[in-house]
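K.L.:
Please find the sequence and the predicted model below.
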Amino acid sequence: MSHAITPSGRAINPWWIGLTLTIATFMELLDTSIANVSLPHIAGGLGTSLDEATWVLTSYLVANAVVLPLSAWLSRVFGRKRYYMVCVALFTASSFLCGTAPNLGLLIFFRVLQGIAGGGLAPSEQAMLVDTFPPAKRAAAFGLYSMAIVLAPALGPTLGGWITDNSSWRWIFFINIPIGLLSVILTSRLVTDPPAFTEERRRIKESGRSRVDYVGILLFAIGFGCLEVVLDKGQEDDWFGSPFITAFTLVSLMALIFAVA
């Protein structure tokens, strides 16, 4: 089996890198599924209605949807490993903040930060798996990765119910902290950007193609954010029978059209 090269120059079995990348995947998906079943406890703990508490989920999904299509570009601008570590660190820090939130408004804000971080994890992890494993081993590597994708949502509801029944809903966020710290430490020691990717980043930077299109990013963020709200709240609000859903649909379409044009 071919070996990957760590930042220190040592050769390492690529499966260690595969396991490292899978840790953050498991953490992010576990958190999402746990939050789903904990909404009644969150609403009760913060003194809000269940309908208002659903924005704890919606805000995360909106932020996640906004960042997801931008992740490849952000990886090239900042470096794949650096961008990935920032995402894991931000997800971990925002998990702590979510667990300490004193009211619903701050919890939603911290969930937006968490969604921004979570949106960058999957694209970066999949790209790093491709870089780490030779073609003959990639199917097995993605099989390991897929196990986390399947296992985390399956465990989440049971674990979330147990935590909220035996402790506080705040611990559904606090449990991410040791997992996230472990992921950051292992990533810093084991993962490195491949030379070909580093060279590509250098060429893009020298050619000036790394300039930031702030208007385009803003339009994409508005478009995908509004679209996610429509998809999440549409059935609940009777789709286009609701002025709220209709307005968000029109804003989404216009923003995405102008972003692409």
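P.N.:
Happy to help now that I have it.
K.L.:
in the stretch 151-261 of the chain, what spans have low per-residue confidence?
P.N.:
204-212, 261 (pLDDT under 70).
K.L.:
count of residues packed around residue 60?
P.N.:
26 (other C-beta atoms under 10 Å). C-betas here are computed from N, CA, C, even on glycine.
K.L.:
Test my guess that residue 164 contacts residue 175.
P.N.:
No. Residue 164 lies out of contact with residue 175 (C-beta atoms under 8 Å); the separation is 11.9 Å.
K.L.:
Which of these two has more residues huddled nearby?
P.N.:
Neighbour count, other C-beta under 10 Å: between residue 164 and residue 175, residue 164 has more, with 22 against 18.
K.L.:
how about the nearest residue to the more buried one, chain neighbours excluded?
P.N.:
In space, and not counting its chain neighbours, residue 164 is closest to residue 41: 4.4 Å by C-beta to C-beta, 6 or more residues apart in numbering.
K.L.:
which SS class is that neighbour?
P.N.:
Look at residue 41: counting by DSSP: H, G, I helix; E, B strand; the rest coil, its state is helix.
K.L.:
Please tell me the pLDDT value assigned to it.
P.N.:
Residue 41 is assigned 89 on the pLDDT scale.
K.L.:
Please tell me how far it sits from residue 168.
P.N.:
Shown here: residue 41 relative to residue 168, a distance of 8 Å by C-beta to C-beta, to the nearest Å.
K.L.:
Between the two, which has more neighbouring residues?
P.N.:
residue 41 (19 against 13).
K.L.:
Looks like that one contacts residue 162 (just checking).
P.N.:
No. Using C-beta under 8 Å, residue 41 is not in contact with residue 162, being 11.9 Å away.
K.L.:
so how far is residue 171 from the residue nearest to residue 164?
P.N.:
Distance, residue 41 to residue 171, using C-beta to C-beta: 11 Å.
K.L.:
Now for residue 80: which residues touch it?
P.N.:
Going by C-beta atoms under 8 Å, 6 or more residues apart in numbering, residue 80 touches 124, 127-128, 131, 193, 197.
K.L.:
hmm, try it at 7 Å
P.N.:
By C-beta atoms under 7 Å, 6 or more residues apart in numbering, residue 80 lies in contact with 124, 127-128, 193, 197.
K.L.:
got the buried residues for stretch 120-137?
P.N.:
The neighbour-count check on stretch 120-137 (16 or more other C-beta atoms under 10 Å) flags 120-129, 131-133, 137 as buried.
K.L.:
whoops, stretch 51-61 was the one
P.N.:
52-61.
K.L.:
Now secondary structure and pLDDT too, for the residues you listed, in JSON lines please.
P.N.:
Below are the buried residues of stretch 51-61 laid out as JSON lines (DSSP: H, G, I helix; E, B strand; the rest coil; pLDDT from 0 to 100):
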{"residue": "52", "secondary structure": "helix", "pLDDT": "84"}
{"residue": "53", "secondary structure": "helix", "pLDDT": "86"}
{"residue": "54", "secondary structure": "coil", "pLDDT": "85"}
{"residue": "55", "secondary structure": "helix", "pLDDT": "86"}
{"residue": "56", "secondary structure": "helix", "pLDDT": "89"}
{"residue": "57", "secondary structure": "helix", "pLDDT": "87"}
{"residue": "58", "secondary structure": "helix", "pLDDT": "84"}
{"residue": "59", "secondary structure": "helix", "pLDDT": "87"}
{"residue": "60", "secondary structure": "helix", "pLDDT": "90"}
{"residue": "61", "secondary structure": "helix", "pLDDT": "85"}
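K.L.:
measure the closest residue in space to residue 78 that isn't next to it in sequence to residue 192 for me?
P.N.:
Excluding its sequence neighbours, the residue lying closest to residue 78 (C-beta to C-beta, 6+ apart) is residue 86, at 7.4 Å. Distance from residue 86 to residue 192, counting by C-beta to C-beta: 16 Å.
K.L.:
All set now, cheers.
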